[in-house]
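Asker: Just a sequence and a predicted model for now, questions to come.
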Amino acid sequence: MLRVVIDTNIFISAVLKPQSNPGLILNLVRGSRLVLILSPDILSEIERVLLYPGLRKMHGLEPKEITGYIENLKAFSKVVTPGRRLDVIEADPSDNIFLECAVEGRADFIISGDHHLKDLEMYQGIKIVAPAVFLKMV
């Protein structure tokens, strides 16, 4: 089974538009067709971003519901704690958490809409692709 790390922007898009490509990818995870790899840093970032006031107006979730969403993500994913920090993406160092998680979790893919990650195309044998590209591949 394919092991994937999903960038925060994909989770946010899936929350806002469940029928979008990001939503379809999360449905594959929930249906046990993909193994989702997460780290504590990624989970914290997803929660932090979902709590942004402007974004809360768009998705309408209360803080308790956001906490529930994060707990749900943990329930159907493999959470790994990366053993080392990477400094690969200098233009946006916060994106390195996805590489760290993917390496630690032996992921096959990182799925992202972020050009800092996608521009790498591959890191240590891990393919980095946009949601539409990933869906065409599977």
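Answerer: Structure's in. What do you need?

Asker: wait, doesn't residue 13 sit right on residue 23?
Answerer: Yes - contact criterion CB atoms under 8 Å: residue 13 and residue 23 qualify, at 7.4 Å. Where you see a C-beta, it was placed from the backbone N, CA and C, and this is true even at glycine.

Asker: Please name the bridge partners of the closest residue in space to residue 128 that isn't next to it in sequence.
Answerer: Nearest-residue entry for residue 128: residue 110, 4.5 Å, with adjacent residues in sequence omitted and distances by CB to CB, 6 or more residues apart in numbering. Listed by DSSP bridges, the beta-bridge partners for residue 110 are residue 5, residue 128.

Asker: Contacts only, for residue 6.
Answerer: 22, 25, 26, 36, 110, 111, 112 (CB atoms under 8 Å, 6 or more residues apart in numbering).

Asker: all helices for this protein, in order.
Answerer: Along the chain, the segments classed as helices by DSSP state H run 8-16, 21-30, 40-50, 53-59, 63-75, 96-104, 115-118, 131-137.

Asker: Put together CSV for the ones you listed, with mean neighbour count, distance to residue 82 and mean pLDDT on each row.
Answerer: Listed next are the helices of the chain as CSV, based on neighbours: other CB atoms under 10 Å; distance: least, CB to CB, whole Å; pLDDT from 0 to 100:
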stretch, mean neighbour count, distance to residue 82, mean pLDDT
helix 8-16, 21, 16, 97
helix 21-30, 19, 20, 96
helix 40-50, 17, 8, 97
helix 53-59, 10, 26, 96
helix 63-75, 13, 16, 96
helix 96-104, 23, 4, 98
helix 115-118, 18, 16, 94
helix 131-137, 16, 22, 97
